[in-house]
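Colleague: Whatever this is, show me its structure:
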Amino acid sequence: MKNKLSIVLLFSFFLIAPGGLHAQQADSTAHNSVPGSDTVKSKPEKDCKQQAIGDLFKKKEKAPKPPKKFMALILPNISSNPSNGFVLGVGGTFGWYMGPKENTRVSSAPFTLAVTSKKQLISFVKSNIFTKEDKFFLQGDWRFYLYSQPTYGLGTNAPDTANLPNNFHWDGQGGSTDSVSFPMKYNYLKFSEIVNRKIVENFYVGIGYHFDYYYSIDDEKLRLNPDTLLTPHYVYSRKFNYDTTQYMMSGLSANVVFDSRDNQANPYKGIYANINYRYNFKFLGSDKDASELWTEFRTYVGLSKKRARHMIAFWVFGDFNLTGNLPYMTLPALGGDQRARSGRGYVNGRFRGKNLVYGEVEWRFPISPCSQILGGVIFVNATTTDNPARDVALFQYVKPAVGFGLRVMINKYFRTNINLDFAIGSKSQGFYFSGQETF
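Modeller: Sure, this is the predicted structure:
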């Protein structure tokens, strides 16, 4: 427990440290100009304001219409990957204001509904809602899957021989199969809702209820006799007395949120920090008592006074199983964030452990110099998980990934992009298509 507490305290320090570092960097940039920077005097430019792709087909208006309070981006989800087969459905995001735009932030709700040739159903809505004058901040995550996903065991080093083919992902969904994975089929029902109340400007505290139910679990490679072949899911579940075909978690959480972002779907500046302590109680329906701590930090550092879209974004989070033992599929894993967007370059669930730490840095920049309709990103991320049963510690093995992407501005008022990314990890790679920024 002391070692675990030390890890949590050390990670908390890294959450706090970047804020001061970035502030110093931004202040230094403001007072020092270099050749070619935005502070160098140049000839007057034409009025270069952020535009969306629809502006290319509109006639110039003398008096532009005021932006609407509601936006819907709905796109076809037509793709193919080894885990899902052929995928057909719809996805996108909704955006709206629940109060005056002058004192209320934009709310958003990404969603997907799709079926696959492997008889899978993928459906989710992941909402972040600000009520009038930002008095309440509601975080929701509702999912229902008839799904399959490979697992590889616990720890960032398990297994180290995987060689995964190309994948296509829609908002984190999609994956791959290979000879060293352990494919699993299951049904999954999730309901998570957190209600945060504003205490002072940008600072919220709240409580939440969380329900996770895995059932009809089919551990496809498991063979008990003859020719016994035990899988990581079976070994872990039997060790901690979990049913290998179904399990449930039901618990309450205490939450602290600091959010100074100017737009939560596509921020240009600000800080987001979140601490979530969840306890799963048997009297609420959990198979066992267990607790989990989630800590997260994001910040956005501008690189240009004239181009707000030109920035570097930072994201780091940690997921720690503090007490008890969580069911195997609910252990901290890559893609365990609310939007299931962490770990581009790897399939969701590729790395799993009792504890997990993840970090990502992304350079975002406009490609079209004036309209800024087209943008690009270059990113790098890294993941580490542990496995106490094999004496594998956090940071003993770290798996990186790098990638790049294209952004097309669809709605300039809500800052909604169509995102296309390609990422390469360790013996793994993937394409990603989504309707909202990764973080």
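Colleague: Check for me that S237 belongs to a helix.
Modeller: Yes - remark: S237 belongs to a helix, assigned using DSSP: H, G, I helix; E, B strand; the rest coil.
Colleague: Does it touch Y328 like I think?
Modeller: Yes - checked against CB atoms under 8 Å, the pair S237 and Y328 is within contact range at 5.7 Å. C-beta: built from backbone N, CA, C; applies to glycine.
Colleague: E362: what's it in contact with?
Modeller: Contacts for E362 (CB atoms under 8 Å, 6 or more residues apart in numbering) come out as 312-313, 315, 377-379, 438-439.
Colleague: Try it again at 10 Å.
Modeller: Residues near E362 by CB atoms under 10 Å, 6 or more residues apart in numbering: 300, 311-315, 344, 377-381, 403-405, 421, 437-439.
Colleague: so of those, which ones are in strands?
Modeller: If you go by DSSP state E, the contacts of E362 have 300, 311-315, 377-381, 403-405, 421 in strands.
Colleague: Of those residues, which one scores lowest on pLDDT?
Modeller: pLDDT across the ones in strands among the contacts of E362 is lowest for D421, at 90.
Colleague: Now it: closest residue in space that isn't a chain neighbour?
Modeller: G405 (3.5 Å; CB to CB, 6 or more residues apart in numbering).
Colleague: ok, that neighbour - contacts?
Modeller: So G405 contacts 344, 362, 364, 375-379, 417, 419-423, 431-434, 438 (CB under 10 Å, 6+ apart).
Colleague: who's it bridged to?
Modeller: Taking DSSP bridges as the rule, G405 bridges to V377, D421.
Colleague: For T245, which non-adjacent residue is closest in space?
Modeller: Looking at T245 with CB to CB, 6+ apart, the closest residue is I217, at 5.0 Å.
Colleague: scratch that, Q139
Modeller: Using CB to CB, 6+ apart and skipping residues adjacent in sequence, the residue nearest Q139 is I194, 4.3 Å away.
Colleague: low pLDDT regions in the stretch 101-250 of the chain?
Modeller: The model of the stretch 101-250 of the chain has pLDDT under 70 over residues 160-180.
Colleague: which residues in it form strands?
Modeller: 107-116, 121-130, 136-151, 168-170, 182-200, 203-219, 247-259 (DSSP state E, counting those that start in this stretch).
Colleague: Please produce JSON lines containing the ones you listed, extended by distance to M98 and mean neighbour count.
Modeller: Converted to JSON lines, the strands of the stretch 101-250 of the chain look like this (distance: least, CB to CB, whole Å; neighbours: other CB atoms under 10 Å):
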{"stretch": "strand 107-116", "distance to M98": "6", "mean neighbour count": "21"}
{"stretch": "strand 121-130", "distance to M98": "6", "mean neighbour count": "19"}
{"stretch": "strand 136-151", "distance to M98": "9", "mean neighbour count": "19"}
{"stretch": "strand 168-170", "distance to M98": "28", "mean neighbour count": "22"}
{"stretch": "strand 182-200", "distance to M98": "13", "mean neighbour count": "17"}
{"stretch": "strand 203-219", "distance to M98": "15", "mean neighbour count": "17"}
{"stretch": "strand 247-259", "distance to M98": "16", "mean neighbour count": "19"}
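Colleague: now these as TSV including distance to K354?
Modeller: Shown next, in TSV, are the strands of the stretch 101-250 of the chain (distance: least, CB to CB, whole Å):
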stretch	distance to K354
strand 107-116	29
strand 121-130	25
strand 136-151	15
strand 168-170	26
strand 182-200	18
strand 203-219	17
strand 247-259	15
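Colleague: Name the nearest residue to N202, sequence neighbours excluded.
Modeller: Per CB to CB, 6+ apart, closest to N202 is S260, 4.5 Å.
Colleague: any idea how far A114 lies from E437?
Modeller: 21 Å (CB to CB, to the nearest Å).
Colleague: Equivalent analysis for L121, please.
Modeller: 26 Å.
Colleague: Now for K68, how many residues are close by?
Modeller: A count of neighbours around K68, defined by other CB atoms under 10 Å, yields 12.
Colleague: I figured it hits F414, correct?
Modeller: Yes - between K68 and F414 there is a contact at 9.0 Å, judged by CB atoms under 10 Å.
Colleague: list residues touching both of the two?
Modeller: Residues touching both K68 and F414 by CB under 10 Å, 6+ apart: 95-97.
Colleague: Report the contact partners of Y234.
Modeller: 182, 217, 219, 221-224, 244, 328.
Colleague: Need these in TSV (columns: distance to Y277).
Modeller: Shown next, in TSV, are the contacts of Y234 (distance: CB to CB, whole Å):
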residue	distance to Y277
F182	31
I217	28
D219	31
K221	36
L222	34
R223	40
L224	38
T244	29
Y328	22
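Colleague: which stretches of the stretch 301-439 of the chain form strands?
Modeller: Ranges of strands in the stretch 301-439 of the chain, per DSSP E, counting those that start in this stretch, are 311-323, 355-366, 374-385, 399-411, 416-425, 428-434.
Colleague: counting contacts, what elements does the last one pack onto?
Modeller: The one in question is strand 428-434. strand 70-81, strand 85-96, strand 168-170, strand 399-411, strand 416-425 (3 or more CB pairs under 10 Å, 6 or more residues apart in numbering; DSSP states H and E).
Colleague: one step back: now, among the ones in strands among the contacts of E362, which is nearest to A393?
Modeller: N381 (20.2 Å; CB to CB).
Colleague: Next, work out how far apart the residue nearest to the closest one when sequence neighbours are not counted and G345 are.
Modeller: In space, N381 comes closest to E360 once its chain neighbours are excluded; the distance is 3.9 Å by CB to CB, 6+ apart. Going from E360 to G345 by CB to CB gives 10 Å.
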